[in-house]
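Enquirer: No letters, just coordinates:
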């Protein structure tokens, strides 16, 4: 499902090198490391957001960085879901409109039934026609998860999803990600330095 070979990324003052990774379809992995260890850089490389200085990323038979920019954008929209540290919702659009946009950018038809299904599952259906500024932090995070899982991606990534949450909400978010990935048969990769979530995962990649 996901394989990396000889990945590295150069910054002005340092070079980050990443051990090779091989993840099978449907597996659930935790990427662990202290702040500054390169977790976010690695996730950006794996999701097609940041091209590595060297090395390769394969998703199935597709070598990610051999694709043109437009082909990469469409491939990412159809196959990869990302829960970022910040929601990154467009403030002038409602939650439903933000999700319509995800479908449009991925060249899918707008499917309000799928949007309703996901928002109901995440218990924020009542906020479907609300603007991001009216949502609580927890609701914003659930809207971000809705956007990530909307197109039933083969790969679901989450970058520090529990960093600003108390124990109860941290456990709820991890349980939710695990459940949603199971339901859709998606491979789940969570990046964190939060030791609270370790017991939920049997597979770890340590930086």
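Expert: Nice, I can see it. Note that the structure is a prediction, hence the values are computed from the model and not measured.
Enquirer: Under the pLDDT cut-off, which ranges of the chain? List them.
Expert: Within the chain, the set of residues satisfying pLDDT under 70 is empty.
Enquirer: Helices of that one, residue ranges please.
Expert: Assigned by DSSP state H, the helices in the chain fall at 39-46, 69-79, 95-105, 112-121, 137-149, 167-184.
Enquirer: Next, the angle helix 95-105 makes with the second one.
Expert: Right, helix 69-79. Direction vectors for helix 69-79 and helix 95-105, defined by axes from the mean of the first three to the mean of the last three Cα atoms, to 10 degrees, enclose an angle of 130 degrees.
Enquirer: Any buried residues in helix 69-79, and which?
Expert: With burial defined by 16 or more other Cβ atoms under 10 Å, the residues of helix 69-79 counted as buried are 72, 75-77, 79. No exception for glycine: its C-beta is placed from N, CA and C like everyone else's.
Enquirer: Just send those residues back as CSV, with distance to residue 170 too.
Expert: Shown next, in CSV, are the buried residues of helix 69-79 (distance: Cβ to Cβ, whole Å):
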residue, distance to residue 170
72, 32
75, 31
76, 27
77, 28
79, 28
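Enquirer: which one of these is nearest residue 62?
Expert: Nearest to residue 62 among the buried residues of helix 69-79 is residue 75, at 6.6 Å by Cβ to Cβ.
Enquirer: Am I right that that closest one is in contact with residue 62?
Expert: Yes. Using Cβ atoms under 8 Å, residue 75 is in contact with residue 62, at 6.6 Å.
Enquirer: closest one to residue 200 among the helices of the chain?
Expert: Closest approach to residue 200 among those is made by helix 167-184 (5.1 Å; Cβ to Cβ).
Enquirer: Report the angle between the closest one and helix 137-149.
Expert: Following the same axes, to 10 degrees, one obtains 20 degrees for the angle between helix 167-184 and helix 137-149.
Enquirer: Distance from helix 167-184 to the middle of the chain?
Expert: Taking Cα atoms, centre = their mean, to the nearest Å, the mean C-alpha location of helix 167-184 is offset from the chain mean by 13 Å.
Enquirer: Any figure for the gap between the residue sitting nearest the centre point of the chain and residue 129?
Expert: The residue lying closest to the centre of the chain (Cα atoms, centre = their mean) is residue 82, at 2.0 Å. Note on residue 82: its distance to residue 129, by Cβ to Cβ, to the nearest Å, is 24 Å.
Enquirer: And residue 166, how close does it get to residue 138?
Expert: Using Cβ to Cβ, which is the criterion applied here, residue 166 is 10 Å from residue 138.
Enquirer: what about the nearest residue to residue 164 once chain neighbours are set aside, how many neighbours?
Expert: For residue 164, the nearest residue in space outside its immediate sequence neighbours is residue 137; the separation is 7.2 Å by Cβ to Cβ, 6 or more residues apart in numbering. Burial of residue 137 is recorded as 11 neighbouring residues (other Cβ atoms under 10 Å).
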